[in-house]
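Colleague: any chance you can model this:
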Amino acid sequence: MRINLSNNRLAIYTLFLLIVISSSCKKSPKPDITDNPTDRNGGLPAVGTRTQLTLDSLFLYAKQIYYWSDAIPAYDAFNPRQYSSKSKPIDNYDDELFAISNLKLNPATGKPFEYNGYGYPKYSRIDDLTQANPNATSAIKTANVDVDNNGYDVGIRPIFYLFRNSDKYQLFVTAVYPGSPAETAGVKRGWLITKVNGQTVGASYTNENETVFNSFSAASVTIEGYNSIDKVPFSLTLNRASYKSNPVYTAKVIARSGKKIGYLAYARFARLSSNTGASDASLDPVFADFSAQGVTDLIIDLRYNGGGYVNAASYLTNLIGPSSTSGKTMFTEIYNPLMQAGNATILANQPLLDGDGKIIRQNGKIVTAADDNYSVAANTITFSKKGSLSGVNNVVFIVTRNTASASEIVINSLKPYMNVKLVGDTTYGKPVGFFPIVLENRYQVYMPIFETRNSKNEGGYYTGMVPDVLDEYDDPEYVFGDVRENYLAKALNVLAPSVTATQGIANTETRRASTVEFKGQQIRKVNPNSEFVGMIETRHSRKR
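Modeller: A predicted model of the protein is given here:
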């Protein structure tokens, strides 16, 4: 299957994109592209403004590499330049990407695969690299902490919990990012914030949510309230700063009913500390300790983990999986037919970069993403056992609707080989991944490029994974690892039922019923760029 573009038209866009590529190696300004009268050649304009050409390029990339490219019509029928009404180019690109994301329908739901009900794509996104966390070195720079562990905020994850049938709410700290100003100041998960910058909060979500979130995005914010368990008050000012964060919230070993259960709360699948992927400074000590203490079962808490790098997900999977899995299929990445056949020629405009961000050359030729192999055989990932923890056959994953993509691939990959159980709420549902496409040397485009399947060809969880123990109540009142916390208590009860575990669950249910009847679905500001959701495949975009 090939796209029917004339040689002249393809040459025009190849020239344009190569100009952009060459500019990435220089500090000189990019060439100015003026708006000339349209010269239609087979339906594709020969010239245009920079924004118009980028709109065209976004369409052409989708036509070749989008996982559901079969749903994309011809250029004239789609007319990418119609998305030109906004003053900011990225807003026009967002509109076009949203239109693309609505083309392919999921027969199981009758709605687009990328539908999420919020007016932006469930999976696709565009990032403006100039709007950046100043220390970020790659994608997702607007996230609180990016997938390279760079933070630029005060360091907390505040969530609104609404009262049922009411506009009243409570504002909880649901996570504190390691290494952040908040952690340094002693802020803990479970703190209930009652005042923000001196103003009492909680009376009206409708009237207050924007002001509250804007406050946490400012250079500093003052918060007051109390620890929700022992009612100890707090009042402090947090100043935004750049910091490096560890993706491990906490790790510990819990003794229960003769078992030693390793518990890990993991924030994101961040870049591995080793360029070769042979080790990781965050995860290796955790699993070495689990092994030394004789851990027999695992609880992996991924409730807020939206994903990250595919190789990091593979690494955690190799740490968890039994030694007997080595050499067996972990998962397969499936690309569209054009890519599998090696005919996605537009990828020749995406050079592969080394660890210093420099273009790679072999025998004098620029190596590009088009040089890679996208066949099923070449993209079947196999197990290679990591660490000394072995003999674990039971693993419980704590999940919520924030659990997505790279988190889900770990779960799906282990299911054929271990006794895997889920506790919590239905997951996000993202069995597709991507690698970044750079336009204008400024915008990184992420669109679904491949789907993942495990060794049993299982996948397709677009509506999410439903837990074995389903409970929508993400208890915000206890720190990660506290055995009284709702999801952890239920996970422990799966692995080692006991009177103590059952009592912990009962106490949580009693407190929930007697103190406040929360809506089950926590409410968060709708912002597609606030946290990363996805899985990034680096093998086809940048050599590390």
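
Colleague: mind listing the helices for the stretch 101-250 of the chain?
Modeller: Counting by DSSP state H, counting those that start in this stretch, the stretch 101-250 of the chain has helices at residues 181-184, 205-216.

Colleague: just say which of the ones you listed is most tucked in.
Modeller: helix 181-184 (a mean of 19; mean count of other Cβ atoms under 10 Å). Where C-beta positions appear, they are placed from N, C-alpha and C, glycine not excepted.

Colleague: could I have that helix exported to CSV, CA atoms only?
Modeller: What follows is helix 181-184 as a C-alpha-only set of coordinates in CSV (Å, rounded to 0.1, in the frame of the first residue of the first chain):
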residue,chain,number,x,y,z
PRO,A,181,10.0,22.0,47.2
ALA,A,182,6.9,20.4,48.8
GLU,A,183,8.8,17.3,49.9
THR,A,184,11.6,19.5,51.3
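
Colleague: what's the spacing between it and its chain's center?
Modeller: Its chain's average C-alpha position is 23 Å from that of helix 181-184, according to Cα atoms, centre = their mean, to the nearest Å.

Colleague: ends of stretch 446-465, what's the gap?
Modeller: 23 Å (Cα to Cα, to the nearest Å).

Colleague: kindly report the same for stretch 75-92.
Modeller: Taking Cα to Cα as the criterion, the two ends of stretch 75-92 lie 17 Å apart.

Colleague: ok, residues contacting that stretch?
Modeller: With contacts defined as Cβ atoms under 8 Å, 6 or more residues apart in numbering, stretch 75-92 is touched by 43-45, 48, 50-52, 54-56, 58-59, 72, 93, 95-96, 99, 126, 128, 443.

Colleague: could you rerun that using 7 Å?
Modeller: With Cβ atoms under 7 Å, 6 or more residues apart in numbering as the test, stretch 75-92 has contacts from 43-44, 51-52, 54-56, 58-59, 72, 95-96, 99, 126, 128, 443.

Colleague: so which of these belong to strands?
Modeller: L44, I126, D128, Y443 (DSSP state E).

Colleague: adding pLDDT, write these out as CSV.
Modeller: Formatted as CSV, these follow (pLDDT from 0 to 100):
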residue, pLDDT
L44, 81
I126, 92
D128, 88
Y443, 94
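
Colleague: list only those of these flagged as buried.
Modeller: Buried by 16 or more other Cβ atoms under 10 Å: L44, I126, D128, Y443, out of the ones in strands among the contacts of stretch 75-92.

Colleague: which pair in those spans the largest distance?
Modeller: L44 and D128 (25.9 Å; Cβ to Cβ).

Colleague: adding distance to A491, write the buried ones among the ones in strands among the contacts of stretch 75-92 out as a markdown table.
Modeller: As requested, these are exported to a markdown table (distance: Cβ to Cβ, whole Å):
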| residue | distance to A491 |
| --- | --- |
| L44 | 55 |
| I126 | 37 |
| D128 | 40 |
| Y443 | 41 |
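
Colleague: show me which of those residues is closest to A404.
Modeller: I126 (18.3 Å).

Colleague: beta partners for that closest one?
Modeller: V445 (DSSP bridges).

Colleague: surely I254 and D482 touch.
Modeller: No - using Cβ atoms under 7 Å, I254 is not in contact with D482, being 10.3 Å away.

Colleague: for I254, grab phi and psi.
Modeller: Main-chain dihedrals, I254, degrees, to the nearest 10: phi -110, psi 120.

Colleague: please apply the same query to Y263.
Modeller: Given degrees, to the nearest 10, the pair of backbone angles that Y263 has is phi -120, psi 130.
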